[in-house]
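> Have a look at this fold, sequence not included:
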Ligand SMILES: [Zn+2]
């Protein structure tokens, strides 16, 4: 791949003039990697509001993964 430059450019500052993918009237502040697979990488350009939401969602995902891997669901409760 020729476009691999720098260590994991998952989030990078936007060049001037880009607009948010969701709000076309707002300037984008960040470009984030939203998909990476065999077919390539998909980036989203996000404004400040969307970027904040993206970070919040990602933290929730990480929290859910952490909880799933560290805490077993309790077994069936047996009532005598
Ligand atoms: Zn936006």
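Here it is on my side, so go on. Just so we're clear, the structure is a prediction, and the values are computed from it rather than from any experiment. Residues are numbered from 1 along each chain as shown.
> which residues does residue 45 bridge with?
residue 31 (DSSP bridges).
> Surely it and residue 20 touch.
Yes. Using C-beta atoms under 8 Å, residue 45 is in contact with residue 20, at 6.1 Å. Every residue, glycine included, has its C-beta placed from N, CA and C.
> what's the overlap in contacts for these two?
Taking C-beta atoms under 8 Å, 6 or more residues apart in numbering as the contact criterion, the common neighbours of residue 45 and residue 20 are residue 28.
> Next to the ion, which bits of this protein? Give me the list.
Residues of the chain that fall close to the ion, judged by C-beta under 5 Å from the ion: 20, 22, 23, 47, 50.
> I'd like to know how many residues surround the fourth one.
With neighbours defined by other C-beta atoms under 10 Å, the count for residue 47 comes to 22.
> need the contact list for it.
Neighbours of residue 47 in contact, by C-beta under 8 Å, 6+ apart: 19, 20, 22, 23, 26, 27, 28, 29.
> Please apply the same query to the last one.
Residue 50 sits next to 20, 21, 22, 23, 44 when contact means C-beta under 8 Å, 6+ apart.
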